[in-house]
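Novice: need coordinates for the below:
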Amino acid sequence: MSSEISFLIFVHIDLVSANRFLESAFRVLINISHANPTWSALLVHQRLMIPVISSLIVISPHALHDAIDEAGEGGAQAFDRQCLALGLLTNLVQEEESSKHLCRETSAFCSPVSVFVPYFIFSELDPSCPALRQCAYACTCPNAISVLECLASVYEQYLRVEDDDPGTYIVRGHLAVLFGLLMRGSPTNQDIILDVLPGAGLKGLVRHAREFVGLYAEFMARVARGERHDAEDEDAKDDSEEDIPQIQVKDGATQDVAQDIIKFLEGLMDA
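Specialist: This next block holds a predicted model:
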C-alpha cells in the first residue's frame, strides 16, 4: 500500500514539473516567434508544432474543472496553457503565411501530449481512439476534423459559457482575432471558417474581438509573471511566483493587431 501511495505522489509531482516545463517552453517560443518571420517559419515546419498547439487549445477549463482537479490539476493551470497555446499560434499565423494552409490541412488529434494534459474535450473525435504513435502528426480517426474546425468547436464551447469570468472573454476574443488572421489573405480559409462559425457569425467575431482588446494586455502581463488565472490562496500564489521563471511574453495578438483584424472583419460584413 505504501509503495502505491509513493508511486502516486511521484506521478503527481512529475506531472506538475512537466506542466511547468511545458509552460516555460511555450513562453520562450512565444518570445522568439514574436515579430520574427525566420523563427516563425522554423517553428511552423516542425511536424508536431501545429498538432501540439491545437491539442492544448482544445482544452476547456470551464467544462473540465472537476475532472482536471481529480488528476491533480486545477482549471486555472489548463486555462493558462490554453492561452499560451493561443498566443503562440497567433504569432505563427501572423508571421508565417504557410501556417494558414497547415491549419487547414492538419487533422486535429486526441492526445499525444496527454502526459501534460490528461483530459480533452473533442466531441468529433472517436472516443475509442487508441492515440497511437503514428497519430502524433495527424489524427486518423474516422471523425477527425481540421484544426480550423477544431478552433471553431472551442469557440462554440466558450459561446455556451454563461458567466462574467474575464477568462471567458479573453479566450473567446483571442479566438475571434485568430480567426481574422487565419482568414485574411486566404479565401479558402475564409470560406471554411465562415461556414462552420456558430452563433452570430461575423457580427459575433467583431463583438468578441472588441471585448478582447480591453482585457488582453493586462492578462498577458500576469501570465508572463507566472500568476495563475484563479489562485486558490496566497500560498499557491507564493509558490507560483517562486517556481515559475519571470519571462515577459510577447504575443502577436497586440491591441494594434486586434484593431486591424476588427477592421478586416467589419469589411467582410460590409462586403
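
Novice: residues in contact with stretch 264-271: which ones?
Specialist: Stretch 264-271 has contacts (Cβ atoms under 8 Å, 6 or more residues apart in numbering) with 176, 180, 183-184, 190, 202-203, 205-206, 209. Any C-beta I mention is one placed from the backbone N, CA and C, and that applies to glycine too.

Novice: for the nearest residue to Pro198 once chain neighbours are set aside, give me the pLDDT.
Specialist: With Cβ to Cβ, 6 or more residues apart in numbering as the criterion, Pro198 has its nearest non-adjacent residue at 4.2 Å, and that residue is Glu156. Glu156 is assigned 89 on the pLDDT scale.

Novice: neighbours of Glu156, just the number please.
Specialist: Number of residues near Glu156 (other Cβ atoms under 10 Å) recorded here: 14.

Novice: quick one: it and Phe264, what's the gap?
Specialist: 22 Å (Cβ to Cβ, to the nearest Å).

Novice: which stretches of this structure have low pLDDT?
Specialist: For the chain, the stretches flagged by pLDDT under 70 are 1-13, 59-75, 108-138, 217-253.

Novice: tell me where it has helices.
Specialist: Along the chain, the stretches classed as helices by DSSP state H are 2-33, 37-44, 49-57, 61-70, 75-95, 98-105, 147-159, 166-183, 187-196, 202-224, 234-243, 255-270.

Novice: compute the inter-axis angle for the third one and helix 37-44.
Specialist: Here helix 49-57 points in a direction 80 degrees away from that of helix 37-44 (axes from the mean of the first three to the mean of the last three Cα atoms, to 10 degrees).

Novice: and helix 49-57 with helix 75-95, angle?
Specialist: Using the same axes, to 10 degrees: helix 49-57 against helix 75-95 is 150 degrees.

Novice: burial count for Ile193?
Specialist: 25.

Novice: related to what we said a few turns ago, show me just the buried residues among the contacts of stretch 264-271.
Specialist: The neighbour count (16 or more other Cβ atoms under 10 Å) marks 176, 180, 183-184, 190, 202, 205-206, 209 as buried among those.

Novice: rewinding a little: most widely separated two among the contacts of stretch 264-271?
Specialist: Using Cβ to Cβ, these span at most 17.8 Å, a distance reached by Arg184 and Lys203.

Novice: between the contacts of stretch 264-271, which is closest to Gln94?
Specialist: Arg184 (9.6 Å).

Novice: what's the burial count for Leu178?
Specialist: Residues within reach of Leu178, counting by other Cβ under 10 Å, total 25.

Novice: which non-adjacent residue is nearest it?
Specialist: Leaving aside its sequence neighbours, Leu178 sits nearest to Thr90 (Cβ to Cβ, 6+ apart; 5.5 Å).

Novice: how close does that neighbour get to Leu29?
Specialist: Noted for Thr90: a distance of 12 Å to Leu29, by Cβ to Cβ.

Novice: ok, the residue nearest to Leu178 to Ile261 distance?
Specialist: 10 Å.

Novice: overlap in contacts, those two.
Specialist: Common neighbours of Thr90 and Ile261 (Cβ under 8 Å, 6+ apart) are 177, 181.

Novice: count of residues packed around the residue nearest to Leu178?
Specialist: By the criterion of other Cβ under 10 Å, Thr90 has 25 neighbours.

Novice: contacting residues for the residue lying closest to Tyr158 once chain neighbours are set aside?
Specialist: Nearest residue to Tyr158, sequence neighbours excluded (Cβ to Cβ, 6+ apart): Arg172, at 4.4 Å. Residues in contact with Arg172 (Cβ under 8 Å, 6+ apart) are 155, 158-159, 208, 211-212.

Novice: which one (most neighbours) among the residues you listed?
Specialist: In the contacts of Arg172, the most neighbours by other Cβ under 10 Å go to His208, 26 neighbours.
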